[in-house]
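In: pasting the sequence and the predicted coordinates here, then a few questions.
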Amino acid sequence: MFAYYLNNMNKSSRKSVIADVIKTQKIHTQEDLMHILKAKGYSVTQATLSRDINELGASKATDPIEGQYYVLPELPEHNNINVESIDISGQLCVLHAKPGFASAIASVVDHTRIEGIMGSIAGDDTVLVLMKEDADKKFISTTLKKLFNISDIIVRPATPKDTRYAGAISNEIYISSLERKTGIARRTPEYINEKILAGKAVIAVTEDGEFAGFSYIESWGGKSYVATSGLIVAHKFRGQGISMRIKNQTFALARTLYPEAKIFSITTGAAVMKMNYQLGFRPVPFSELTDDPEFWKGCEGCRHFDILKSHDYKMCICTGLLYDPKEK
């Protein structure tokens, strides 16, 4: 195991040197790069070097005078799109990233040279950061979050005080429906307030009290069915894994309040479908969902309501998803 980590640390160190060389020099061929690495104490095969270059995301740029040379992809200054979350346990810190971004993120961490960090190991979507025994974990966590623009988000059941966010929630749902050009029904601030005051909502906020996300539940058919609805994440907080945290809390709330009920959702979003699958939902026809007419009235604000109505509420562009506790 130690040999595995040592090998990966050497690889991370080598890739860090490669990134430095590409950034500071015009490297035209892999052979040129191999000679420079050898002079710096890194002897590698062309196959290994080619793999390192691919993992760093380097590509060839063309200059009318210089010709072709390697360049690295530019990371956004605020990298919250790439790093979703940070977890620290013992002497290890794990950065969870979008697939394909781990190597670039590890390079940023290594080049920043944060006090207390020995090095990093990159996979495809995960970066393992090794910390010294006497490292200030709080300082490292704060620094990494600032570096990658990650806010501390609190996901919890909504309370009556959270009705102040109703307007922002309603507006975010409406804007998303316009962007996606799909069937997201409009929810008024009054409707949002009703769910919050009934104890049937989950909200995400920053430590400073800024709205970050929302979802709610509602029972139908004599409480034999529960719908999880209105999942939304504010634009500036997307890409941080908040939607899954909200989904988990909403699902837990539904199971707590209605332990015997079937839980269902209708959606057009692939991301929501994936989250539901992870929780044990399965795709079903609308005939397996509630036939409570009050539920389907909620779709009247959707731009695709005519499609649903023309099919006698049995089919639309949404996919029905169901969790049946009796099947688990």
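Out: Nice, thanks for sending it over. Keep in mind the model is a prediction, meaning the values are calculated, not measured.

In: neighbours of Phe237, how many?
Out: Residue neighbour count, defined by other CB atoms under 10 Å, stands at 20 for Phe237. C-betas here are computed from N, CA, C, even on glycine.

In: for it, give its distance to Arg282.
Out: Distance check for Phe237 against Arg282: by CB to CB, to the nearest Å, it reads 29 Å.

In: before we move on, what about Ile150?
Out: Distance of Ile150 to Arg282, computed by CB to CB: 33 Å.

In: mean confidence for the host helix or strand of Leu130?
Out: According to DSSP states H and E, Leu130 maps onto strand 126-131. Confidence over strand 126-131 (mean pLDDT, whole number) is 92.

In: do stretch 309-317 as well
Out: Per-residue scores along stretch 309-317 average to 88.

In: likewise for stretch 24-32?
Out: Averaging pLDDT along stretch 24-32 gives 89.

In: ok, and the closest non-adjacent residue to the spatially most central residue of the chain?
Out: Closest residue to the average C-alpha location of the chain: Gly241 at 3.1 Å, with CA atoms, centre = their mean. Leaving aside its sequence neighbours, Gly241 sits nearest to Glu84 (CB to CB, 6 or more residues apart in numbering; 4.0 Å).

In: how about the one you found, what does it touch?
Out: Residues in contact with Glu84 (CB atoms under 8 Å, 6 or more residues apart in numbering) are His96, Ala97, Lys98, Gly239, Gln240, Gly241.

In: pull out the buried residues from stretch 220-238.
Out: Residues of stretch 220-238 classed as buried by neighbour count (16 or more other CB atoms under 10 Å): Trp220, Tyr225, Val226, Ala227, Thr228, Ser229, Gly230, Leu231, Ile232, Val233, Ala234, Phe237.

In: got the contact list for the fifth one?
Out: Counting by CB under 8 Å, 6+ apart, Thr228 makes contact with Ser215, Tyr216, Ile217, Lys247, Thr250, Phe251, Ala254, Ile263, Phe264, Ser265.

In: wait, which of these is closest to Asp32?
Out: Ranked by distance to Asp32 (CB to CB), these are led by Lys247 at 49.4 Å.

In: helix or strand: which one has the closest one?
Out: Lys247 belongs to helix 242-257 when assigned by DSSP H and E.

In: re earlier: wait, the residue nearest to the centre of the chain sits on Val83?
Out: No: taking CB atoms under 8 Å as the definition, Gly241 is not a contact partner of Val83, at 9.6 Å.

In: what residues are shared contacts of the two?
Out: Taking CB under 8 Å, 6+ apart as the criterion, Gly241 and Val83 both touch His96.

In: that older thread, for the buried residues of stretch 220-238, give me a markdown table that also has secondary structure and distance to Ala168.
Out: Formatted as a markdown table, those follow (DSSP: H, G, I helix; E, B strand; the rest coil; distance: CB to CB, whole Å):
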| residue | secondary structure | distance to Ala168 |
| --- | --- | --- |
| Trp220 | strand | 27 |
| Tyr225 | strand | 29 |
| Val226 | strand | 25 |
| Ala227 | strand | 22 |
| Thr228 | strand | 20 |
| Ser229 | strand | 17 |
| Gly230 | strand | 13 |
| Leu231 | strand | 15 |
| Ile232 | strand | 10 |
| Val233 | strand | 12 |
| Ala234 | coil | 8 |
| Phe237 | helix | 12 |
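
In: could I get those residues as TSV with pLDDT and distance to Ile36?
Out: Below are the buried residues of stretch 220-238 laid out as TSV (pLDDT from 0 to 100; distance: CB to CB, whole Å):
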residue	pLDDT	distance to Ile36
Trp220	92	67
Tyr225	96	65
Val226	95	62
Ala227	93	60
Thr228	90	55
Ser229	87	57
Gly230	86	55
Leu231	90	50
Ile232	91	50
Val233	92	44
Ala234	91	46
Phe237	84	42
